[in-house]
Each structure stands twice: as C-alpha cells, then as structure tokens.
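S.K.: Following is a predicted model, sequence given first.
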Amino acid sequence: MKHRSQRFIWLLVCTLLVLGAFRTAAAETLTINAAINKAGRQRMLSQRIAKAYCQIGLGVETERSKRILDQSVALFDKQLVELKAFAPTPEVKETYGKLEQAWLSYKALLSGSEPNLESAKKVAQASDDVLKLANEGTVQLEKHSGTTMGKLINVAGRQRMLSQRIAMFNMFRAWGITSAQMTRDLDAAVKEFAAAQEFLAAAPQNTAAISGELQLANAQWLFFDEALKQAAGTRAEQLRNIATTSERILQVMDRVTGMYEVTTK
C-alpha cells in the first residue's frame with residue numbers, strides 16, 4: 001500500500017512538472033501575433049461548439065458534428081493553457097482567469113448528457129458568456145501589440161467567429177430556441193461580416209495570396225447567404241447547407257488570419 005501511495009505521488013509530481021514545462025514553453029514560443037490569432041480562435045470555438053451541439057440534437061450531419069464538437073473542446077482547452085501562460089499583463093491574466101471559470105461551466109453542460117432542448121437553452125447562454133470574455137482577451141492582446149497587423153489579425157479572426165455565430169443562431173432557431181435579442185444579434189452578425197470583408201479587402205498590407213483568399217471567402221459567403229435564405233427544398237437540406245457552408249467560410253478565414261499573423265508588411 002505504501003509503495004502504491006509513493007508511486008501515485010511520484011506520478012502526480014511528474015504530471016505537474018510536465019504541465020509546468022508545457023506552460024513555460026507556450027509562454028516562450030508564442031508571439032503576440034500568434035496570441036491574437038489563438039485568442040480570436042477561442043471566440044470562434046465558443047460559437048462552433050454550440051452550433052455542433054445543436055446539429056447533433058437536430059440530427060444534422062450527426063457524426064461530423066460530434067467530431068467537430070470533440071475537436072473544438074480539445075482545442076479550446078489547449079489554447080486556453082497557452083494563452084494563460086502567455087498573458088503579458090495583469091489585466092490580460094485576469095481576463096483569462098475569468099474565461100477559464102466560464103469555460104468550465106460551459107464544458108460541464110456539454111458532457112452531462114446527450115444534446116437535448118433544455119440543455120441547449122443553457123448552452124446558448126454559456127456560449128455567449130464565453131464569447132464575451134474570449135473577445136475581451138483578444139481586444140486586450142491587440143491593444144498590447146499596438147500594430148496595424150494586430151488589428152487585421154483580430155478582424156480577420158473575428159470573421160471565423162461570425163460565420164459560426166450566424167450558423168449557430170439558425171440552428172437554435174430550428175430547435176425552437178429564439179428571442180428578440182437573438183434575432184437582433186443575428187442581423188448584427190450578418191451586417192458585421194459584410195462590413196469587415198470590405199475593410200479587409202481594402203487593407204494595403206494584403207499580399208496577392210491574401211487578396212485571393214478574401215475573394216474566395218466572398219464567393220463562399222454568397223453560397224452561405226443563399227443557404228440562409230433557402231426557400232426550395234426541405235428544412236433538413238437547408239440546415240445541412242448552412243452547416244457545411246459555414247465550415248467552408250471558417251476554413252478560408254482561418255487561412256487568411258494565419259497569413260496576416262506572419263505578414264511583415
């Protein structure tokens with residue numbers, strides 16, 4: 001028994017040392033541009049997780065939605081550790097402490113049972129709580145960078161979130177979860193996405209590759225807008241189209257954000 005207890009303590013010490021080393025490495029290797037990118041990605045994940053949760057409950061691309069949910073939760077966990085370790089100011093550190101607490105509450109809702117309507121209502125609120133704190137952290141990091149490129153990384157990264165937020169609201173609505181505020185938030189997200197694309201397209205820092213990706217994102221946005229307004233076909237088909245086109249926009253804007261992260265113009 002004593003030997004087993006000593007082994008447990010040894011394993012615990014080893015685990016803490018590994019975690020400590022990981023946090024130190026994360027803090028040392030993360031640049032401010034990479035931190036803004038990851039911080040912005042946390043915003044997106046907060047909405048993507050809720051979207052995937054609803055899709056599972058609605059039977060939309062069920063197996064793929066389960067993979068998206070699991071991968072998104074794991075990525076949020078990983079990036080949260082990195083961002084907490086990187087936090088360059090007490091203000092940023094405090095924000096990520098608050099985010100961690102909100103995230104733990106959110107994550108608990110996801111693992112309790114199979115997606116259901118009652119839990120989905122709580123997921124809607126929790127996703128919003130996490131989004132607000134994740135956005136606060138991103139804005140603080142952009143301010144800390146004090147560069148135009150930091151602003152572009154933030155705006156491009158936010159487009160990822162908006163693609164998921166718009167799809168998420170439509171999934172909630174399909175499940176019968178809606179409100180006047182949700183409708184206003186959906187309209188605001190659609191308008192913000194369009195305005196931000198114009199802002200990014202006009203950026204003098206754009207390379208030919210970035211401009212090409214932004215044009216591709218605009219083309220995908222047209223498909224997305226069609227899916228949102230789809231009149232023909234079944235409701236199931238419309239939700240499937242919303243799910244898939246939102247993922248395509250996410251992929252393109254994630255590439256754009258990564259390009260801004262390493263651009264030295």
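M.R.: Received it, and whenever you're ready, just let me know what you need.

S.K.: quick one, phi/psi of A202?
M.R.: Taking degrees, to the nearest 10, you get phi -90, psi 0 for the backbone angles of A202.

S.K.: Distance check, it against L162.
M.R.: A202 sits 18 Å away from L162, going by CB to CB, to the nearest Å. Where C-beta positions appear, they are placed from N, C-alpha and C, glycine not excepted.

S.K.: Who has more neighbours out of the two?
M.R.: Just comparing A202 and L162: by other CB atoms under 10 Å the higher neighbour count belongs to L162, 25 against 8.

S.K.: helix or strand for the nearest residue to that one once chain neighbours are set aside, which one?
M.R.: Nearest non-adjacent residue to L162, counting by CB to CB, 6 or more residues apart in numbering: F193, 4.5 Å away. Secondary structure from DSSP states H and E places F193 in helix 180-201.

S.K.: And for I153?
M.R.: Per DSSP H and E, I153 falls inside helix 148-174.

S.K.: what does stretch 136-149 contact?
M.R.: In this structure, residues lying in contact with stretch 136-149 by CB atoms under 8 Å, 6 or more residues apart in numbering are 32-33, 35-36, 39-40, 42-43, 83, 88-89, 91-92, 95-96, 99, 150-151, 153-154, 157-158, 205, 260, 263, 265.

S.K.: Now do the residue most central in space within the chain, the pLDDT please.
M.R.: Centroid check for the chain by CA atoms, centre = their mean gives M44 as the closest residue, at 1.7 Å. Confidence at M44, expressed as pLDDT, is 98.

S.K.: The one helix or strand it maps to: what's the following helix or strand?
M.R.: According to DSSP H and E, M44 maps onto helix 32-58. Counting by DSSP H and E, the next helix or strand C-terminal to helix 32-58 is helix 62-86.

S.K.: Does anything pack onto that following helix? Which helices or strands?
M.R.: Judged by 3 or more CB pairs under 8 Å, 6 or more residues apart in numbering; DSSP states H and E, helix 62-86 is in contact with helix 2-29, helix 32-58, helix 90-111.

S.K.: need the contact list for A194.
M.R.: Listed by CB under 8 Å, 6+ apart, the contact set of A194 reads W221.

S.K.: right, I mislabeled it, should have said E213
M.R.: Applying CB under 8 Å, 6+ apart, the residues contacting E213 are 252, 255-256, 259.

S.K.: With adjacent residues omitted, what lies nearest to it?
M.R.: Spatial nearest neighbour of E213, excluding adjacent residues (CB to CB, 6+ apart): V256 at 4.9 Å.
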